[in-house]
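Chemist: Structure, please.
(chains A and B)
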Amino acid sequence: MVKKFFQHGYIWLVLAFLYAPIILLAVYSFNNSQIIGQWSDEWSFDLYKQLFSSSDLMTTVVNTLVLAFVSSIISTILGTMGAIGMFYSKKRVRETLNTVTQIPVINAEIVTAISTALVCTMFAFGRTYVSLLIGHVILTFPFVVLNVTPKLKQMDKNLYEAALDLGATPTQALFKVIIPQVLPGIFSGFLIAITLSLDDYIITTFTKPATFDTISTFVFDAYAKGGRSADVPALRALSTIIFAVIIIMLIVKNVIASKGQAKNGGRK
Amino acid sequence: MENKEKIIEIKGVTKEFNGQIAVEKMDLYIRKGEFVTFLGPSGCGKSTTLRMIAGFEMPSSGQILLNGKDITNLPPYERPINTVFQRYALFPHLNVYDNIAYGLKLKRFKNTYVDKKGRERTRIEKLSKDVIDAKVSRVLKLVDLEEFEKRDVTTLSGGQQQRIAIARAIVNEPEILLLDEPLGALDLKMRKDMQLELKDMHQKLGITFIYVTHDQEEALTMSDTIVVMKDGAIQQIGTPKDIYNEPKNSFVADFIGESNIFSGTMVGDKKVRFINRVFDCVDDFPLNEKVDVVVRPEDVFLADEGKGMVDGVIISSIFKGVHYEMTFKVGKTEVLIQDTIERKEGERCSIHIRPDDIHIMAKEFDCNRYDGYINKRNNVCFADGEFECDVTQLYENSHLDEEGYLVLENGEKLDLNDVDVKVEVGLKDIEIIDNDVDGDACGTIISIVYKGDHYQIIIRTDDEEEDFVVDTEYVWNENDRVSVKIPKDKIKLKLKAVNQK
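Modeler: Numbers count the residues shown, from 1 in each chain, chains lettered A, B, ... in the order given. Model prediction:
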């Protein structure tokens, strides 16, 4: 009994450690006080109203979402193509390419950020939306590869040959057999790409044009200025919304994954 | 069968994978409507051959003809050939109907029709839904799965998936159906049922079937023709009966069914000597030729001691259901026997073999093989002689220390005294000496055969009656007393495996 109590207690402690700050933030997003810790008066949605009426804030939200969406779509297409291409390459080519594509995952983000910024400046187009997009694609595309490759490995090797055998050209076989088979991997790769892009700060600051802000850079700058900006409390509301959206996405992804597993589970 | 046209011709096809030869200079043709089985152990090149016919692998050299037309470099989707894969390879995201209809939906055909203005036009069209429906339900009926159209393929049992895979292939009405060990994943009972069903299907459809398996019983049950393969080369092509009764070499005899294979020597007109006795046989081979003798275990008859041809003792007896499988020992040789009457272990008895049950095959004689042992001086003893040899070849990276122990790569010391070894000596590596003193072993020349540019000489030793077969340019006389010498580096040694067959 006592052992069980401690086991459970430990888990709750860890979870509390992880989530208490976020919950605190969420709670304070319904309060007007300037700083967290000083509860002023009562519950209110004032911060949410302020958030949606501040055009600055709304621009950054839209910026962030559009950037995340566009960069993730590019990454997903490139990553899927890359993963399939590598999978059907010769062993040595595959291993080399695999290592090379995974470097951005292990590499310190700051190095990727500075080098991308350098390259973009060198080729004269400087820090524009394009360089920002490239930065985000570099950041997210290895994760798409990482999600698609296992699905390819799980796939019956003869499926592609079976499609050719039945009269499909390689292109038809790719779209009608291979892509449907790895779709769950493509989907989860896309979701991971979006989440990574949404909250990225380092690559964004180094590659973005001067006047462009995403939520991360905006929040960081707002706090860096000493948190006296009028918009600072509204950021609590924004953070809460982001957190809620991510939680929902995560749940949806897991539900889909477990459904897929239940379907496959019947076979094995 | 004779007058039917050849549907597939394989001409001098070689396939290499990164320098490793999988199929070597293969020549083969298959007649229309035949059920042909490629049979062989894993890695013999049978699947590679099938994959080249399907178009998944391109031959490194050589040609493949289909109905006389070269299809060597045609991609698989342009060949009128369909495959049933070992692990079915059904598309998991499609249901049974869509799996089977996959090929049909991709099919395009030229339709020539007369338009409103009376002009003749040709248009490339898809098959209509009704046609596809009809074809799908017809093959589903053929494989006994009529009600399954809407089922998810992942919910089907192994046997059902196998049937769907067959249906998916034959619905396209291919000229050839390739089956790559299609029954390997099924349990024994279902496999037997499917074997008969496949054979039945073959008769109904009239399509050429090319079947790959390593299961000799499966091959014997189903095929019109069996192609036995080993190490990328064809060993024998023939009907199941031919292959079983008249195996061309010891590999085929050993692979197809159980058999006793003995080394023998022809000692007279239709007389062969093996297990220390001369037997009458029906095959004619030149005198003193080294041969392999095959006797099927069911063709050896047991009699009471003294009443048969060779006496010996039963050393094991196992009940196998229909018969007893007994091992009979004559001298050093073991004979496998299948009989319905049991003889107990240890019982002394005699065996009888009928002349027409003795099948004799030419031995591919490329080198002399002996059973020998290493003695105290690290020399090897075989065939009545003691020869100097290099014992370090028994273990990789080993060397001898001063005391004569063999030191292995990992530092372990071995005493080789009395270790049993297999000895191989090339035909050209034996030197014949004019007297019976100077060599390491001596004997009498019993045969000289001129082989075009050299003589092949057989020297028989006195006591053990082992033979040295020697290729030499010099002529000798029969009945000469000679001795032989073998250079140290020409004696190849191999450790005798612990459980030899």
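Chemist: which stretch of helix or strand covers residue A:235?
Modeler: helix A:232-265 (DSSP states H and E).
Chemist: likewise residue B:161?
Modeler: Using DSSP H and E, the element containing residue B:161 is helix B:158-170.
Chemist: now the one residue in the stretch 151-300 of chain B that gets nearest to chain A: how far from residue B:191?
Modeler: For the stretch 151-300 of chain B, the residue positioned closest to chain A under CB to the nearest CB is residue B:154, at a distance of 4.3 Å. To be clear about C-beta, it is placed using only N, CA and C from the backbone, and glycine gets the same treatment. Here the criterion is CB to CB, to the nearest Å. By it, residue B:154 lies 22 Å from residue B:191.
Chemist: what's the distance between the helix or strand hosting residue B:442 and the middle of its chain?
Modeler: Assigned by DSSP H and E, residue B:442 falls within strand B:441-450. In this view, strand B:441-450 has its centroid 33 Å away from the chain centroid, taken as CA atoms, centre = their mean, to the nearest Å.
Chemist: Residue B:389: what secondary structure?
Modeler: coil (DSSP: H, G, I helix; E, B strand; the rest coil).
Chemist: how about it, phi and psi?
Modeler: When read as degrees, to the nearest 10, the backbone of residue B:389 gives phi -150, psi 170.
Chemist: counting contacts, what elements does the longest helix seen in chain B pack onto?
Modeler: Among the segments of chain B that qualify as a helix by DSSP state H, the longest is helix B:188-205. For helix B:188-205, the packing partners by 3 or more CB pairs under 8 Å, 6 or more residues apart in numbering or on different chains; DSSP states H and E come out as helix B:158-170, strand B:208-213, helix B:216-222.
Chemist: one step back: as a whole number, average confidence for the helix holding residue A:235?
Modeler: Helix A:232-265 comes out with an average pLDDT of 80.
Chemist: Would you mind listing the buried residues in that helix?
Modeler: Neighbour-count burial for helix A:232-265, with 16 or more other CB atoms under 10 Å in any protein chain shown as criterion, is recorded at A:232-240, A:242-243, A:253.
Chemist: give me the residue from the stretch 101-250 of chain B nearest chain A.
Modeler: Residue nearest to chain A within the stretch 101-250 of chain B: residue B:103 (3.6 Å; CB to the nearest CB).
Chemist: surely that residue meets residue A:166?
Modeler: Yes. Assessed by CB atoms under 8 Å, residue B:103 is found in contact with residue A:166 at 3.6 Å.
Chemist: which neighbours do the two share?
Modeler: Common neighbours of residue B:103 and residue A:166, counting by CB atoms under 8 Å, 6 or more residues apart in numbering or on different chains, are B:82, B:168, B:172.
Chemist: Spell out which helix or strand contains the residue of the stretch 301-450 of chain B at minimum distance from chain A, please.
Modeler: For the stretch 301-450 of chain B and chain A, the shortest gap (CB to the nearest CB) falls at residue B:396, measuring 26.7 Å. Remark: residue B:396 resides in no helix or strand, with elements defined by DSSP H and E.
Chemist: sorry, back to before: which other helices and strands contact the helix holding residue A:235?
Modeler: If you count contacts as 3+ CB pairs under 8 Å, 6+ apart, helix A:232-265 packs onto helix A:2-28, helix A:46-53, helix A:55-87, helix A:179-198, helix A:215-224.
Chemist: Tell me the gap between it and the middle of its chain.
Modeler: Going by CA atoms, centre = their mean, where helix A:232-265 is centred and where its chain is centred differ by 11 Å.
Chemist: Check stretch B:185-205 too.
Modeler: That offset, for stretch B:185-205, works out to 23 Å (CA atoms, centre = their mean).
Chemist: likewise stretch B:416-428?
Modeler: Distance, centroid of stretch B:416-428 to centroid of chain: 26 Å (CA atoms, centre = their mean).
Chemist: List the buried residues in it.
Modeler: For stretch B:416-428, by 16+ other CB under 10 Å, it's B:416, B:419, B:421-427.
Chemist: Restricted to strands, list these.
Modeler: B:421-426 (DSSP state E).
Chemist: Which of those residues sits closest to residue B:69?
Modeler: Residue B:69 has its nearest neighbour among these in residue B:426, at 46.0 Å by CB to CB.
Chemist: Do I have it right that that closest one meets residue B:367?
Modeler: Yes. Counting by CB under 8 Å, residue B:367 is a contact partner of residue B:426 at 5.1 Å.
Chemist: What separation is there between residue A:106 and chain B?
Modeler: Note on residue A:106: its distance to chain B, by CB to the nearest CB, to the nearest Å, is 31 Å.
Chemist: no, scratch that, I was asking about residue A:82
Modeler: On the measure of CB to the nearest CB, residue A:82 and chain B end up 22 Å apart.
Chemist: burial measure for that residue, as a count.
Modeler: 20 (other CB atoms under 10 Å in any protein chain shown).
Chemist: Which segments of the chain make up each domain?
Modeler: No chain was given, so I picked chain A. Domain assignment of chain A by automatic domain parsing yields the ranges A:1-44, A:63-265.
Chemist: Switch to chain B, please.
Modeler: Segmentation of chain B into domains, based on automatic domain parsing, reads B:1-80+B:174-257, B:91-169, B:258-362, B:367-495.
Chemist: can you list those domains in JSON lines and add mean pLDDT?
Modeler: Formatted as JSON lines, the domains of chain B follow (pLDDT from 0 to 100):
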{"stretch": "domain B:1-80+B:174-257", "mean pLDDT": "90"}
{"stretch": "domain B:91-169", "mean pLDDT": "88"}
{"stretch": "domain B:258-362", "mean pLDDT": "87"}
{"stretch": "domain B:367-495", "mean pLDDT": "83"}
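Chemist: May I see these organised as a markdown table, with distance to residue A:140 added?
Modeler: What follows is those, written out as a markdown table (distance: least, CB to CB, whole Å):
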| stretch | distance to residue A:140 |
| --- | --- |
| domain B:1-80+B:174-257 | 35 |
| domain B:91-169 | 26 |
| domain B:258-362 | 62 |
| domain B:367-495 | 50 |
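Chemist: before we move on, back to that, nearest to residue B:328, of the shared contacts of residue B:103 and residue A:166?
Modeler: Of all the shared contacts of residue B:103 and residue A:166, residue B:328 sits closest to residue B:82, with 49.7 Å by CB to CB.
Chemist: Alright, I will stop here.
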